[in-house]
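In: fold the stuff below for me.
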Amino acid sequence: MRVLQSALSLIYPHQCVLCDTLVELGSGLCGPCWRDTPFVAGLACDICGAPLMGEDDGHTVHCDDCMALPRPWIRGRTAMVYRDKGRRMVLALKHGDRQDIVRPAARWMHRAAGDIVTPGSLIVPVPIHWLRMLKRRFNQSALLATALAREARVQVSPRALIRCRNTDRQDGKTPDERFANVQAAIRPHPKYGALLEGRDVVLVDDVMTTGATLAACAEACQAAGAARVDTVTLARVVKDT
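Out: The predicted structure is shown next:
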């Protein structure tokens, strides 16, 4: 297998997902792009993963948003901030059909969420409506969830949740409008939702803004009897300071 991988690398060398510079196997980014990507490191909100000012002294801290708005999940992690090259990667995956971003993204997410993805975790992606699936041809959150589960060697259930209503796009909506838009739009699958009962569920999405969609998913998991719900995203939208 290693010989085959080496041969394939000679024929199809690995490239940086942002600038096409040749990189080592599995790295995803070249050195300069890695330095310019806003990965979350250090002190961060324990509920959504947003980076915070100050030193990480081991104590649990929460951001202003998560203190003001109760979340229906326990802990949350994110790999990067949704800006600059982080935003560019999310949009390339979501709208540019850049599925080559999935594997390195899953490794970054696993690095960020290693403390909440345990051997008994069930990885569940945020679902999209079947009409949107027809148009886009894939669910980027399901791709990330499957790759993350493979990276962490845990079970994944891409169909545990369904989006029963074709909701409007969240872009441009106020926080209240975002929550109203997804209200009662996500439910456990009539068959595969049974996998959620009694499980420690880790919800996966590409980006978190207000948390409205993740909240709807978490509530659906709880309705199906999940023991606990945590979240992990590739990127988190944060307010400018």
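In: residue 131 against residue 165, yeah?
Out: No - in this structure, residue 131 is not within contact of residue 165 by C-beta atoms under 8 Å, at 10.3 Å. The C-beta positions use only the backbone N, C-alpha and C, and glycine is treated the same way.
In: more neighbours, the two?
Out: More crowded of residue 131 and residue 165, by other C-beta atoms under 10 Å: residue 165, with 14 against 10.
In: so which helix or strand takes in residue 94?
Out: Here residue 94, judged by DSSP states H and E, is contained in helix 84-95.
In: tell me which residues are up against that helix.
Out: Identification of contacts with helix 84-95 by C-beta atoms under 8 Å, 6 or more residues apart in numbering yields 17-18, 33, 36-39, 80, 82, 98-99, 101-102, 105, 140, 143, 206-207, 234-235.
In: strands - which of these land there?
Out: Among the contacts of helix 84-95, the ones falling in strands (DSSP state E) are 80, 206-207, 234-235.
In: any idea what the most centrally placed residue in the chain is bridged to?
Out: The central residue of the chain, meaning the one whose C-alpha is nearest the mean C-alpha position (C-alpha atoms, centre = their mean), is residue 233 at 2.6 Å. Beta-bridge pairing for residue 233 (DSSP bridges): residue 78, residue 205.
In: how far away is it from residue 88?
Out: From residue 233 over to residue 88 the distance is 16 Å, taken as C-beta to C-beta, to the nearest Å.
In: ditto for residue 67
Out: 30 Å.
In: which residues in the chain form strands?
Out: Going by DSSP E, the chain shows strands at 76-81, 121-125, 155-156, 161-163, 186-188, 200-208, 228-236.
In: against which helices or strands is the second one packed?
Out: Applying 3 or more C-beta pairs under 8 Å, 6 or more residues apart in numbering; DSSP states H and E, one finds that strand 121-125 contacts helix 140-152, strand 155-156, strand 200-208.
In: can you check the fourth one too?
Out: Other helices and strands packing on strand 161-163, by 3+ C-beta pairs under 8 Å, 6+ apart, are strand 186-188, helix 212-223.
In: so where's this protein shaky on pLDDT?
Out: Across the chain, the ranges flagged by pLDDT under 70 are 1-13, 25-27, 241.
In: may I have the phi/psi pair for residue 116?
Out: Here is the backbone geometry of residue 116 (degrees, to the nearest 10): phi -110, psi -20.
In: the closest residue to it other than its chain neighbours: neighbour count?
Out: Spatial nearest neighbour of residue 116, excluding adjacent residues (C-beta to C-beta, 6 or more residues apart in numbering): residue 230 at 4.5 Å. Other residues near residue 230 come to 21 when the count uses other C-beta under 10 Å.
In: residues in contact with residue 230?
Out: 73-77, 113, 116, 200-203.
In: please redo it, this time with the cut-off set to 6 Å
Out: Taking C-beta atoms under 6 Å, 6 or more residues apart in numbering as the criterion, residue 230 is in contact with 73-75, 116, 202.
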